[in-house]
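J.: make a model of this:
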Amino acid sequence: MNEQHKEIMERFKTMINTNDKVLAEELIAPDAEFQSLTSSEILYGGKGYLSVVDFMRQSFSDIHWEIEDMAAEDNKVAVSWICSGTHDGDFMGMPPSGKKFSFRCMNFYYFNADNKIIKDVAAQGMAGLLESLGVLQH
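T.: Residues are numbered from 1 along each chain as shown. Sure thing, here's the model as predicted:
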């Protein structure tokens with residue numbers, strides 16, 4: 001099962017990099033719930049997940065994710081991503097700067113019995129500390 005989940009994550013990478021709605025519906029359970037800084041509402045299924053990707057593309061038209069490392073166990077996969085792009089659109093009130101960026105982020109994906117993604121939990125890292133201290137607000 002772990003290898004199958006890793007293969008699904010490779011397809012997931014294709015989905016987010018190409019904004020493939022058909023692939024999103026195939027890989028993500030329709031009742032999967034996602035929370036995002038982009039919405040006060042809970043987002044559902046592949047359409048909901050891609051709405052976050054769409055939001056990011058409005059601010060970073062060339063945003064791209066690469067899998068740096070991945071580990072799978074039972075019904076979950078941990079992925080270390082490298083995310084890169086250019087700030088070429090308004091982002092949460094910040095005008096475009098033209099600056100390029102690249103950063104590492106970590107997500108944990110959970111699967112149901114049908115091998116569809118039902119949950120995505122992002123590791124907060126330093127952002128979590130800064131938010132807890134009131135330095136960073138969302």
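J.: buried stuff in the top helix by length along the chain?
T.: What stands out as the longest helix in the chain, according to DSSP state H, is helix 2-18. Within helix 2-18, the residues that qualify as buried are 5, 8-9, 12-13, 15-16, counting by 16 or more other CB atoms under 10 Å. For the C-beta atoms, the positions are set from N, CA and C on the backbone; glycine is no exception.
J.: over to stretch 46-63?
T.: Neighbour-count burial for stretch 46-63 [16+ other CB under 10 Å]: 46, 48-53, 55-57, 59-60, 63.
J.: need the contact list for the nearest residue to Ser39 once chain neighbours are set aside.
T.: Leaving aside its sequence neighbours, Ser39 sits nearest to Ser51 (CB to CB, 6 or more residues apart in numbering; 7.3 Å). Neighbour list for Ser51: 36, 38-39, 43 [criterion: CB atoms under 8 Å, 6 or more residues apart in numbering].
J.: now the helix or strand where Ser51 lies: mean pLDDT?
T.: Remark: Ser51 resides in helix 45-59, with elements defined by DSSP states H and E. The average pLDDT within helix 45-59 is 93.
J.: chain center to whichever helix or strand comes after it: distance?
T.: Where DSSP H and E defines the elements, the next helix or strand beyond helix 45-59 is strand 64-73. Computed by CA atoms, centre = their mean, to the nearest Å, the chain-centroid distance of strand 64-73 equals 11 Å.
J.: partners of strand 64-73, with directions?
T.: Strand 64-73 has the following sheet partners, assigned by DSSP bridges: strand 76-86 (antiparallel).
J.: residues in contact with the longest helix of the chain?
T.: Residues outside helix 2-18 that contact it (CB under 8 Å, 6+ apart): 20, 23-24, 27, 46, 50, 53, 64-67, 70, 72-73, 75-77, 79, 109, 111, 115, 117.
J.: right, and the helix or strand after that helix?
T.: helix 21-27.
J.: what comes up buried for that following helix?
T.: 23-25, 27.
J.: next helix or strand past that helix?
T.: Following helix 21-27 in sequence, per DSSP H and E, is strand 33-36.
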